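Trainee: Sequence first, then the predicted structure, then my questions.
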Amino acid sequence: MKKHLHVGKWMLGTLLLLWVVAFSLTPLCADARTIKIGILGPMNFVQGDHAWKGAQIALDEIKAAGGIKVGGVKMPVEFVKVDTNEILSLSNATSAVEKAITRDKVDFLVGGCSSGAILAMQEVACDHKKIFLTAGSGSHPEITNRVGTNYERYKYFFRALGRNAGKENTIQVMFIPSINELAQIIRKQTGVEKVKLAMLFEQAQWLEPQIAVWRELIPKVGVEVVGLWRMSISALDVSAQLTDIREKGAHIILSMTSGPVAIPLYRQVGELEIPAAIVGINVEAEGAKFYEATGGYCAYGGVSTQGCDVAMSFRTRPFYREFEKRYGERVTLTASAYDSILMIKEAVEKAASLDADKVVMALEKIDFQSTHGRMVFDKNHDPMFGPGYLTGCAVQWLPGGKLSTWWPHDYEGVQVFQLSPWMVKYWKSKK
């Protein structure tokens with residue numbers, strides 16, 4: 001009888017201990033919900049596809065760390081793929097964000113590639129007080145000027161890479177020095193004394209504020225602007241513009257587009273053997289399968305980007321290697337969704353909260369080593385540009401599909417820009 005009583009007491013004690021342990025863990029389990037992040041972009045285009053792929057690498061790192069620590073609780077993270085279709089439809093973009101917030105209950109938004117769409121999606125996000133970080137595109141100045149003029153409404157928005165097209169210093173830091181260097185290379189290799197440049201811009205809001213700035217700054221490095229040509233973001237043929245540019249005697253084509261027109265543009269520069277070096281912003285031309293998409297005709301074509309496969313920070317090369325290993329593609333700008341996700345993680349952990357206002361305050365103080373360099377936000381939630389912060393870089397496609405970095409010279413492995421053989425031959429024959 002005593003034996004049974006002893007066993008009964010032991011079992012009762014064990015159950016009591018288990019109950020105490022379970023009770024002590026109950027508050028932790030109750031608080032540990034899933035953090036949802038909406039990844040925005042036109043998913044049928046490289047801009048959205050690479051935002052999603054870059055974010056997946058960040059998600060794996062967060063999972064390996066056990067989630068995002070909010071106070072004393074590690075919370076799991078889930079991504080919601082939000083196809084904005086913004087290259088083709090502005091209304092699709094806003095409705096997609098509305099659904100992500102109201103139906104999918106996302107806590108944060110990351111992505112976007114078109115300035116017009118970002119401006120509209122920004123309104124939806126701020127209506128719901130959802131923090132929204134761009135992931136490498138959207139350069140119209142109004143996007144972040146809104147933060148400065150109406151902080152309480154727009155403080156939830158951060159340009160987590162990209163450029164403010166209205167700020168002269170971003171053009172001065174990223175482009176004017178490289179255009180000056182390219183002009184010197186052209187003079188040296190072709191014997192041309194007066195280098196001329198043609199501006200070939202897509203029809204988009206983000207470029208309108210830049211036009212006057214470019215016209216003012218380019219001549220300051222001894223390069224003449226011979227004209228401005230426009231093209232549709234989704235054009236399939238730009239041969240008319242290129243032919244006219246050749247007739248104007250341009251040695252450099254400054255091409256600016258965030259859309260798929262980059263594929264026919266670079267292909268036709270090679271097919272038509274336009275005797276000019278093409279540079280500028282072209283999201284498609286930054287990587288992915290661009291060389292194959294142009295049939296190799298993009299060889300000798302250059303493009304400026306905010307990141308490249310050199311050691312811009314301790315994160316750069318590991319991320320580039322992992323992306324190419326995992327997806328078999330080169331990284332494009334919107335893959336910087338990776339950085340945006342990790343910045344959200346850091347800000348949430350520093351704020352020890354998911355409260356949007358507290359996380360905003362943490363983001364405003366962030367000093368983050370992104371894959372593109374040091375990320376610090378100014379009062380308008382724009383990234384700081386210049387020495388010690390972001391500087392951008394310039395790369396060039398070479399025959400065989402290699403993507404070579406040629407500016408700036410601050411990093412190991414940077415090479416000299418190579419002019420196409422037909423360009424050198426054409427201009428030498430004009431002497």
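Mentor: Yep, it's here.

Trainee: In the protein, where is pLDDT below threshold?
Mentor: 1-32, 136-138, 162-170, 288 (pLDDT under 70).

Trainee: Domain-wise, how is it divided?
Mentor: 30-164+313-375, 168-307+392-429 (automatic domain parsing).

Trainee: Run the chain-centre distance for the last one.
Mentor: Just to be clear, that refers to domain 168-307+392-429. Put simply, domain 168-307+392-429 sits 19 Å off its chain's centre (Cα atoms, centre = their mean, to the nearest Å).

Trainee: likewise the longest one?
Mentor: For domain 30-164+313-375, the separation from the chain centroid amounts to 10 Å (computed by Cα atoms, centre = their mean).

Trainee: where do the strands sit along the stretch 201-350 of the chain?
Mentor: Using DSSP state E, counting those that start in this stretch, the strands of the stretch 201-350 of the chain run over 223-231, 252-257, 277-282, 302-305.

Trainee: Check which residues of the longest one are buried.
Mentor: In other words, strand 223-231. Val223, Val225, Val226, Trp229, Met231 (16 or more other Cβ atoms under 10 Å). The C-beta positions use only the backbone N, C-alpha and C, and glycine is treated the same way.

Trainee: Next, format those residues as JSON lines and append distance to Leu40.
Mentor: JSON lines is the format used below for these (distance: Cβ to Cβ, whole Å):
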{"residue": "Val223", "distance to Leu40": "37"}
{"residue": "Val225", "distance to Leu40": "35"}
{"residue": "Val226", "distance to Leu40": "38"}
{"residue": "Trp229", "distance to Leu40": "31"}
{"residue": "Met231", "distance to Leu40": "25"}
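
Trainee: and which of those is nearest to Thr190?
Mentor: For the buried residues of strand 223-231, the closest approach to Thr190 (Cβ to Cβ) belongs to Val223, at 14.1 Å.

Trainee: Does that closest one touch Met199 like I think?
Mentor: No: applying Cβ atoms under 8 Å, one finds Val223 not in contact with Met199, separated by 11.2 Å.

Trainee: rewinding a little: can I get the strands of the stretch 201-350 of the chain in CSV including distance to Asn44?
Mentor: Shown next, in CSV, are the strands of the stretch 201-350 of the chain (distance: least, Cβ to Cβ, whole Å):
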stretch, distance to Asn44
strand 223-231, 21
strand 252-257, 18
strand 277-282, 18
strand 302-305, 22
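
Trainee: right, and those strands - which one's nearest Ser353?
Mentor: Closest among the strands of the stretch 201-350 of the chain, using Cβ to Cβ: strand 302-305, at 34.7 Å.

Trainee: Give me the sheet partners of the closest one and which way each runs.
Mentor: strand 393-398 (antiparallel) (DSSP bridges).

Trainee: Would you mind pulling the contact partners of the strand it pairs with?
Mentor: 178, 266, 279, 285-286, 290-291, 298-308, 310, 312, 403-408, 411, 417-418 (Cβ atoms under 8 Å, 6 or more residues apart in numbering).

Trainee: On the C-terminal side of that strand, identify the next helix or strand.
Mentor: strand 402-407 (DSSP states H and E).

Trainee: what comes up buried for that next one?
Mentor: Leu403, Ser404, Thr405, Trp406, Trp407.

Trainee: Report the contact partners of the spatially closest residue to Glu181 that is not a sequence neighbour.
Mentor: Spatial nearest neighbour of Glu181, excluding adjacent residues (Cβ to Cβ, 6 or more residues apart in numbering): Trp407 at 6.2 Å. Applying Cβ under 8 Å, 6+ apart to Trp407 gives the contacts Pro177, Ser178, Glu181, Cys393, Ala394, Val414, Phe417.

Trainee: give me that answer again for 7 Å
Mentor: Counting by Cβ atoms under 7 Å, 6 or more residues apart in numbering, Trp407 makes contact with Ser178, Glu181, Cys393, Ala394, Val414.

Trainee: Provide the partner residues of it in its beta bridges.
Mentor: Beta-bridge partners, per DSSP bridges, of Trp407: Ala394.

Trainee: roughly how far apart are it and Gln184?
Mentor: 12 Å (Cβ to Cβ, to the nearest Å).

Trainee: picking that back up, looking at the contacts of Trp407, spot the one nearest Thr134.
Mentor: When the contacts of Trp407 are compared against Thr134 (criterion: Cβ to Cβ), the nearest one is Cys393, at 19.2 Å.

Trainee: Count the residues that sit near that closest one.
Mentor: 24 (other Cβ atoms under 10 Å).

Trainee: what do you get for Asp49?
Mentor: So Asp49, with other Cβ under 10 Å, has 19 neighbours.

Trainee: Show me the beta-bridge partners of the residue lying closest to Arg215 once chain neighbours are set aside.
Mentor: Using Cβ to Cβ, 6+ apart and skipping the chain neighbours, the partner closest in space to Arg215 is Val225 (5.7 Å). Assessed by DSSP bridges, Val225 has beta-bridge partners Leu197.
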